[in-house]
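Enquirer: Output the structure for:
(chains A and B)
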Amino acid sequence: MNEAGRNSPSRIDRRLFLKGALASGVGMAAGLYWHWSSSWPQSPVAIVKATNYDQSLANIIGDGLSELGIGRELVRNKCVLLKPNLVEPSIAAPHINTHPQMVLAAIEVFRRLDAREVIVAEGQGHCRDTHLVLEQSGFRDIMRESNTEFIDLNHDELFEADNRLNTTKMKSLMLPETLKRADLIVSMPKLKTHHWAGATLSMKNFFRVMPGICYGWPKNVLHHNGIPQSIVDITATVQPHLAIVDGVIGMEGDGPIMGDPCDSNVIIMGAHLPAVDATAIRVMGLDPHKMPFMQLAAIHSGVIRNRQIQQRGELIAEVQRTFRLLDHPLMSRFG
Amino acid sequence: MTRPWIDLARDQLLRLRGDGPGWAYRRNGQTSVEPTVLACLALMASSSGKGPDSSRDECDLAVEDGARWIAGLQQADGAVGLSETIQEPHWPTSYAVLLWSAVEKEKWAERMQRAGDFILLRRGLTSPLREDGVAGHNTTIPGWPWVEETHSWVEPTAMAVLALQKCGYREHGRVAQGRDLLIDRMISTGGWNYGNSVMFGATLRPRPAPTGLAMLALLNAQGARLDSSLNYLERELPTIRSPQSLCWGLLAMQAWNRPLSGAADWLEEAYDQIEGCSDPSVQLSFLLLASGDRTLTHLGLASPAVGVAG
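Expert: Numbering: from 1, shown residues only, chains lettered A, B, ... in the order given. Model (predicted):
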């Protein structure tokens, strides 16, 4: 293991600075998982309406970030990594994945905010052939058109990081080197139900930073270690900075890949991922307290209680649309 | 196939090795086992025997270096990891066998034997059959996993079957189990994906690359009813230009005596599209393997397919 590569001081300094800056900018304390206090200030989550992918999504996302107090001051000269969900693309079922227009819009937004560079990265869990994924998801064209680099995290150079939370037995995690290149890691999941986790959102999105050459296709190691536990361990170790959830068209029913499209018409954003996911689950008409990964996040100082989340933009009640769960006895625990 | 892009691709692949002993997944990345095996097999399979002696010598040296470098990584129990610094998981062991057996079987026989013995002992986790309709496949069949102490999946099982056949274990019980697993994981409408055919009652979607690999591993499997999978590849391959999917899909069609007439054009189009990609050595390798005259021979699959029921 390369000691110099693991948690290099320069990277930690940059990231701690950014957390502090975000904290002062949006009224959220730093140290996501390490301290719990019921007296913490509220975590803001912005909900903005978006009815289709032909709108000016860049303006909508930009407005949402403004609601959160995230602007040029925090993004200038940073390397921004956008992490979409491309679990298993299918031309016949585009609602499986983060829509390419969402990512294109985010690229535009961060470039407007003077990011030094914006890259897109994914380590899809089912289909090993990344070029096929890019081809069938529409991402190949938008990467070329926008002159944006795409990184295949499944086959990236590797470094080993200590598991920061250790709710699983995995003492360390093998992570892609590209994470060290990024100053701002942005989770861009799809708003979907999930037949094992209840919902797959900004935190579960980080299953797919785990390199497939180490964890397989699917990343079965994570399932064997417990899905909720793996979700929080990975998120706590990677420490993403922001989530932008594509809920313009979500997925209900048998998520994450065989469900039906659902016109949820929202984009949900925030800097504290447990709060974002909790809000997204409420928008889906479901209860985050019934989902084990949310319960675990809360145990480890994740903010998921509604009263501790400062909702900005639209109210949940005004955009809520009940997502149908898969009709199977195992799903009753989530409903 | 003798199109100009093939010679260009071979030269590019050789250049990408640089001064190292092998090839990496990414440009300027760390030399790793799988891309090295793919590149070596690709150079061997696409060699026409023509061209200047210097070019052939350079290829031969690169392949020899690759095989030797991988031999140096082999662990005491016969396993081969990802690279010099990442020694597990051990699924690349199958790839190592395929290279050693193709380069000079006698020279690497001892290495192959140890690797084959390791692969024989390795098995994916099994579990009792569920009655709740969650998994649609037989979870009791032991194939091969990506990572120790996890379930079995299509690609590592297919590669293990191919490797064990090259080690002389064609009739071994473990190979039979591997084939049984692959048959079991086939999607009812044809084809394979990573290894789940049905989940929660929903039939999942096939993908070309695992379909091709499974079909190669099942070549000559007695009584295998694989027409639906061949039909799937026949429909799907003309619509894609991804080198990996084209490679395994086209090789499978060739092995099963159903070559596709547009293949040469598709491969050339795919070559044109990979310019500037971040993983050129792997993509070039797949394209050269797909177009190579000796790929199936190197994989131990030169015989025509038998056992295809209607």
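Enquirer: so who does B:Asp279 touch?
Expert: Counting by C-beta atoms under 8 Å, 6 or more residues apart in numbering or on different chains, B:Asp279 touches A:130, A:152, A:155, B:25-27. The C-beta positions use only the backbone N, C-alpha and C, and glycine is treated the same way.
Enquirer: For chain B, what's its nearest residue on chain A.
Expert: Here chain A gets closest to chain B at one residue, A:Gly216, 2.8 Å apart by C-beta to the nearest C-beta.
Enquirer: Mind checking which of the contacts of B:Asp279 are in helices?
Expert: Among the contacts of B:Asp279, DSSP state H puts A:Thr130 in helices.
Enquirer: Now B:Lys166: closest residue in space that isn't a chain neighbour?
Expert: Nearest in space to B:Lys166, with sequence neighbours left out and distances taken as C-beta to C-beta, 6 or more residues apart in numbering or on different chains, is B:Ser101 at 4.1 Å.
Enquirer: from memory the one you found sits against B:Cys167, does it?
Expert: Yes - with contact defined as C-beta atoms under 8 Å, B:Ser101 and B:Cys167 form a contacting pair (7.4 Å).
Enquirer: which residues touch the longest helix seen in chain B?
Expert: Looking across chain B with DSSP H, the single longest helix is helix B:53-73. With C-beta under 8 Å, 6+ apart as the test, helix B:53-73 has contacts from B:10, B:14, B:17, B:21-23, B:31, B:33, B:36-37, B:39-40, B:43-44, B:47, B:49, B:80-81, B:83-84, B:87, B:96, B:99-100, B:103-104, B:108, B:111.
Enquirer: State the three-state secondary structure for A:Asp277.
Expert: What DSSP: H, G, I helix; E, B strand; the rest coil gives for A:Asp277 is helix.
Enquirer: how far away is it from A:Met269?
Expert: A:Asp277 is 12 Å from A:Met269, where distance means C-beta to C-beta, to the nearest Å.
Enquirer: Could you pull out the residues contacting both of the two?
Expert: Jointly contacting A:Asp277 and A:Met269 under the rule C-beta under 8 Å, 6+ apart are A:Ala243.
Enquirer: Those two: who's more crowded?
Expert: For A:Asp277 against A:Met269, the residue with the higher neighbour count under other C-beta atoms under 10 Å in any protein chain shown is A:Asp277, and the figures read 33 against 29.
Enquirer: ok, the more buried one touching A:Leu286?
Expert: No - counting by C-beta under 8 Å, A:Asp277 sits too far from A:Leu286 to count as a contact (11.0 Å).
Enquirer: Quick check: neighbours shared by the two?
Expert: With C-beta under 8 Å, 6+ apart, A:Asp277 and A:Leu286 have common neighbours A:Ala199.
Enquirer: Identify the residues contacting the residue of chain B found nearest chain A.
Expert: Nearest to chain A in chain B, going by C-beta to the nearest C-beta, is B:Trp146, at a distance of 2.8 Å. Shown in contact with B:Trp146 (C-beta under 8 Å, 6+ apart): A:212, A:215-217, A:220, B:89, B:91, B:153, B:155-156.
Enquirer: How about B:Arg130?
Expert: Contacts of B:Arg130 by C-beta under 8 Å, 6+ apart are B:Thr139.
Enquirer: Now do it against A:Val80, distance only.
Expert: 43 Å.
Enquirer: any weak-confidence spans in chain B?
Expert: B:1, B:48-55, B:223-224, B:303-310 (pLDDT under 70).
Enquirer: let's go with 50 and repeat that
Expert: The model of chain B has pLDDT under 50 over residues B:306-310.
Enquirer: Count the residues that sit near A:Ser56.
Expert: 11.
Enquirer: That one and A:Val48, how far apart?
Expert: For A:Ser56, the distance to A:Val48 - C-beta to C-beta - is 12 Å.
Enquirer: swap in B:Pro238?
Expert: Going from B:Pro238 to A:Val48 by C-beta to C-beta gives 42 Å.
Enquirer: higher neighbour count, the two?
Expert: Using other C-beta under 10 Å, the more surrounded residue of B:Pro238 and A:Val48 is A:Val48, with 24 against 14.
Enquirer: Give me the phi and psi angles of the more buried one.
Expert: phi -130, psi 150 (degrees, to the nearest 10).
Enquirer: Residue 217 - how many residues pack around it?
Expert: Since you didn't name a chain, this refers to chain A. Per other C-beta under 10 Å, the neighbour tally for A:Trp217 reads 24.
Enquirer: meant chain B, my bad for not saying
Expert: B:Ala217: 28 surrounding residues under other C-beta under 10 Å.
Enquirer: For it, which residues are in contact?
Expert: B:157-159, B:161-162, B:178-179, B:182.
Enquirer: What segments of the stretch 51-200 of chain A are helices?
Expert: A:57-67, A:72-75, A:100-112, A:130-137, A:139-145, A:178-181 (DSSP state H, counting those that start in this stretch).
Enquirer: Between helix A:130-137 and the third one, find me the angle.
Expert: Using axes from the mean of the first three to the mean of the last three C-alpha atoms, to 10 degrees, one finds that helix A:100-112 and helix A:130-137 are set 100 degrees apart in direction.
Enquirer: For helix A:100-112, buried residues please.
Expert: Counting neighbours by 16 or more other C-beta atoms under 10 Å in any protein chain shown, one finds that the buried residues in helix A:100-112 are A:100-111.
Enquirer: Take those residues and lay them out in CSV including distance to B:Trp5 and pLDDT.
Expert: Shown next, in CSV, are the buried residues of helix A:100-112 (distance: C-beta to C-beta, whole Å; pLDDT from 0 to 100):
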residue, distance to B:Trp5, pLDDT
A:Pro100, 29, 97
A:Gln101, 33, 97
A:Met102, 36, 98
A:Val103, 31, 98
A:Leu104, 31, 98
A:Ala105, 36, 98
A:Ala106, 36, 98
A:Ile107, 32, 98
A:Glu108, 36, 98
A:Val109, 39, 98
A:Phe110, 37, 98
A:Arg111, 35, 98
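Enquirer: Distance to chain B added to the residues you listed, as a markdown table?
Expert: Formatted as a markdown table, the buried residues of helix A:100-112 follow (distance: C-beta to the nearest C-beta, whole Å):
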| residue | distance to chain B |
| --- | --- |
| A:Pro100 | 17 |
| A:Gln101 | 22 |
| A:Met102 | 22 |
| A:Val103 | 17 |
| A:Leu104 | 19 |
| A:Ala105 | 23 |
| A:Ala106 | 20 |
| A:Ile107 | 17 |
| A:Glu108 | 22 |
| A:Val109 | 24 |
| A:Phe110 | 20 |
| A:Arg111 | 20 |
